[in-house]
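S.K.: Need a 3D model of the sequence below.
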Amino acid sequence: MIRIEGLSKRFGRRHALRDVTFAVPEGSIFALIGPNGAGKTTLLRILMNLLRPDSGQAHIMGRDSRHLGHAHLARIGYVSENQILPEWMRVGGFLAYSKEFYPSWDAALAVDLVREYELPLDRRLRNLSRGMKVKAALTAALAYRPSLIILDEPFGGLDVLVREQLIGTILDRTPEATVLISTHDLAEIESFATHAAYLNEGRLEFAEEMAALSGRFREVEITLDTPAPIPAALPDSWLVLEHSGVLVRFTDARYDPILTHREAAIRFTGVRDISVREMSFRSIFLTLAKSRKPSCV
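M.R.: Purely as a prediction, here's the structure:
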């Protein structure tokens, strides 16, 4: 559905994206994650042809994003945290206006979404709460049943119940669509994303299935017979190492039940015990944010 190759973008001296390459499979729910300023919004704006890359290419549905035509845009639903709505319009007028751009507009679905979101059709957009504005934008983006839904930090500042409602709507009402969602809040996507890509300071550190990601990260704790110094040379995949007395803790980003234990035995003398724990996606993200180390080696 989306193919990105060698994408780079600078704003003055700042590198927003650095040679980013990955693909979003059709039918996936793909989370683009990373701290604020990582380059997520820049990447999505390039996809939507709101920005031009300095180098590289982005393709959507086989088409260069710089040459998206009406037929392609009519199959893409886009909602951004900073999206500007015609706030002088009433909700009903906004939806009627949006309908004219999309031949595939499903009037029955629009009515269902208005009812489910309890949207006040007679109120002007400028008088709505942030949550209601997001609901209005989502209604306009989902009513024509897009093949691709791109969401740029859409749920920031919303309470948990509203987020759950909006996420549930996207999954239930558009089951065949591909979803690309950017976020720095793991609570939004951990329960439903099928794939994830991690951006850090414009660099792509990994892009893979959630199951594979969860499978290779482990928290490791080594218990030594006596306190010992930390060796100077450690594997690149050992992240956020902590040392206290006879305990050594770290996250292994390429955990292997044989190799990791062998590496520990080589680097430390008097290993009494090695315990290993699975990690939540949130824990993985926090570890990467702390380490500032590429984890896709």
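S.K.: Show the pLDDT at the spatially closest residue to residue 223 that is not a sequence neighbour.
M.R.: Closest residue to residue 223 apart from its sequence neighbours, by CB to CB, 6 or more residues apart in numbering: residue 273 at 4.3 Å. In this view, the C-beta of every residue, glycine as well, is placed from N, C-alpha and C. At residue 273, the predicted lDDT confidence score is 93.
S.K.: Number of residues surrounding residue 273?
M.R.: 10 (other CB atoms under 10 Å).
S.K.: tell me which helix or strand of this structure sits lowest on mean pLDDT?
M.R.: helix 281-291 (a mean of 83; mean pLDDT, DSSP states H and E).
S.K.: what's that helix in contact with?
M.R.: 33, 35, 186-187, 190, 196, 198, 200, 205, 210, 213-214, 217, 219, 239-240, 251, 279, 295 (CB atoms under 8 Å, 6 or more residues apart in numbering).
S.K.: make it 10 Å
M.R.: By CB atoms under 10 Å, 6 or more residues apart in numbering, the list of residues contacting helix 281-291 from outside reads 31, 33-35, 38, 184-187, 189-191, 193, 196, 198, 200, 205-206, 210, 213-214, 216-219, 238-241, 250-251, 253, 277, 279-280, 293-295.
S.K.: thinking again about what came up before, my read is the residue nearest to residue 223 is in a strand, agree?
M.R.: Yes. Counting by DSSP: H, G, I helix; E, B strand; the rest coil, residue 273 is part of a strand.
S.K.: Can you point out the buried residues in the least confident helix or strand of the chain?
M.R.: Within helix 281-291, the residues scored as buried using 16 or more other CB atoms under 10 Å are 281, 284-285, 287-289, 291.
S.K.: so how far is it from its chain's centroid?
M.R.: Centroid displacement of helix 281-291 relative to its chain, using CA atoms, centre = their mean, to the nearest Å, is 14 Å.
S.K.: For stretch 181-194, give the mean pLDDT please.
M.R.: Here the average pLDDT along stretch 181-194 is 79.
S.K.: As PDB, could you dump the C-alpha coordinates of it?
M.R.: Taking Å, rounded to 0.1, in the frame of the first residue of the first chain, the C-alpha atoms of stretch 181-194 are listed here in PDB:
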ATOM      1  CA  ILE A 181      -1.100   6.100  12.500                       C
ATOM      2  CA  SER A 182       1.700   8.200  14.000                       C
ATOM      3  CA  THR A 183       1.900   8.600  17.700                       C
ATOM      4  CA  HIS A 184       4.200   9.000  20.700                       C
ATOM      5  CA  ASP A 185       1.600   7.500  23.000                       C
ATOM      6  CA  LEU A 186       1.900   3.700  23.100                       C
ATOM      7  CA  ALA A 187      -1.400   3.300  24.900                       C
ATOM      8  CA  GLU A 188      -3.100   4.300  21.600                       C
ATOM      9  CA  ILE A 189      -1.800   1.500  19.500                       C
ATOM     10  CA  GLU A 190      -0.400  -1.300  21.600                       C
ATOM     11  CA  SER A 191      -3.600  -3.400  21.600                       C
ATOM     12  CA  PHE A 192      -4.400  -3.300  17.900                       C
ATOM     13  CA  ALA A 193      -1.400  -2.400  15.700                       C
ATOM     14  CA  THR A 194       0.000  -5.200  13.500                       C
END
